[in-house]
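1. just need the structure, nothing else, for what follows:
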Amino acid sequence: MGQEEEWKGFVDEWGALTGRRIAGRVPLTGDASNRRYFRVRFEGEDLPRTAILMERQGTLGFKKSEEAVSGGAPEPPGDPFLLVADAFGDLGLPVPSIYHRLPDGSKTLQEDLGDETFFSCLERQPGEEESLTERALALLVRIQSAQPEGALTWVRDRAYSRELIRWEFEHFVEYGLAGAPERDLRRIREGFDREAADLAGEAVKVFVHRDYHSRNIMVRPDGSLALIDFQDLLWGSPYYDLASLLFDAYRTVPLEKIEKALDRYLALARQAGVLPTVSNEEAMERLCRHAFQRNLKACGRFFYIADVKKNPAFLASVAGTHANMLRIVGRVPSLAPLYETFSSSLRFPDASPSP
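-> Sure thing, here's the model as predicted:
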């Protein structure tokens, strides 16, 4: 059976149960993963008139490497995307409904959330930034308030561990630097080892979406937010997803707005019992340290996707990661010595990878 027959047969299985006929499908812009997305249209006026078909092929190379250093965590009891979608849906968290699926998660037919993301909404309506940020912070606290129990018990063993953080630093060394001499690499790795131990040592642990940024938060027509790309859910620091949102590689958030958003997050998190009382300055330092690591990771990932996956689409965002590193070092000077070990070897999109 060819690919055309395969996807039609899969969608027709659901169509036969709901009395729908396929009118066609169009490809959607892909992400950096091994998943392809299509919008499927159905004949007639019955709702839903569209759905999103996801087709997954294999496992990304860097995902296999991450799993190898995740501290010996057991495999999830099924496909992570489906497990999280079902569990989050049961908790009332805004994730797309799954209309039809293959048991291994290699094909799903999902609710169509539309094309509007947090990022695209801000491009059209920059005056909505404060309102959108407030909604994104509230949604983040809802995620962090959930517990790893019942259908999500397995996530507690999927830790954002020192080993995994250290591997992400090494991923940056491999792909995000160019021409660093061996003596510098030793100093860089020593600094990264210390930072990984610090970041993994947060006392408070919560669910970590791991890609909670402006292109993974959907804005529905009614203005409510919804989550996508949550299959990498981990158990780790409450500051990680906040850093992903506020120190986003795809958009620049001024520091004064980041500090205002942090104040609001702390109030919501304390009210929900997610975080104990902590000073704003201490919280800002923890946020910045996670953001620093997050932007190094993203920088290495963007080059990896270009070099290995032959997809240069994310190279335009490398400048955003570099700019965030500088802003963070300016705000948290204790990170400056670590930054100085590698800053002269930072790779730019027109540079070759490290030998």
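2. any stretches of the stretch 251-355 of the chain with poor pLDDT?
-> By pLDDT under 70, the low-scoring segments of the stretch 251-355 of the chain are 351-355.
3. mind redoing it with 90?
-> For the stretch 251-355 of the chain, the stretches flagged by pLDDT under 90 are 277, 309, 350-355.
4. now the helices for it?
-> 255-272, 280-307, 318-331, 336-342 (DSSP state H, counting those that start in this stretch).
5. using PDB, list the CA coordinates for the shortest one.
-> Coordinates of each C-alpha in helix 336-342 appear next as PDB, following Å, rounded to 0.1, in the frame of the first residue of the first chain:
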ATOM      1  CA  ALA A 336      30.100  36.100  32.700                       C
ATOM      2  CA  PRO A 337      33.200  33.800  33.400                       C
ATOM      3  CA  LEU A 338      31.400  30.900  31.900                       C
ATOM      4  CA  TYR A 339      30.300  32.900  28.900                       C
ATOM      5  CA  GLU A 340      33.800  34.200  28.300                       C
ATOM      6  CA  THR A 341      35.100  30.600  28.000                       C
ATOM      7  CA  PHE A 342      33.200  30.100  24.700                       C
END
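6. check which residues of that helix are buried.
-> Neighbour counts using 16 or more other Cβ atoms under 10 Å place 338-339, 341-342 of helix 336-342 among the buried residues. C-betas here are computed from N, CA, C, even on glycine.
7. which one of the residues you listed sits closest to Val26?
-> The closest of the buried residues of helix 336-342 to Val26 turns out to be Phe342 (Cβ to Cβ; 42.6 Å).
8. could you measure from the closest one over to Gly176?
-> 8 Å (Cβ to Cβ, to the nearest Å).
9. likewise Pro238?
-> According to Cβ to Cβ, Pro238 and Gly176 sit 26 Å apart.
10. got it, and Asp222?
-> Counting by Cβ to Cβ, the gap from Asp222 to Gly176 is 40 Å.
11. can you give me the strands in the stretch 151-300 of the chain?
-> Applying DSSP state E, counting those that start in this stretch to the stretch 151-300 of the chain gives strands spanning 206-208, 217-219, 225-227, 234-236.
12. mind putting these in a markdown table, mean neighbour count included?
-> Converted to a markdown table, those look like this (neighbours: other Cβ atoms under 10 Å):
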| stretch | mean neighbour count |
| --- | --- |
| strand 206-208 | 25 |
| strand 217-219 | 23 |
| strand 225-227 | 19 |
| strand 234-236 | 21 |
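13. out of those, which gets nearest to Phe118?
-> Closest of the strands of the stretch 151-300 of the chain to Phe118 is strand 217-219, at 4.2 Å (criterion: Cβ to Cβ).
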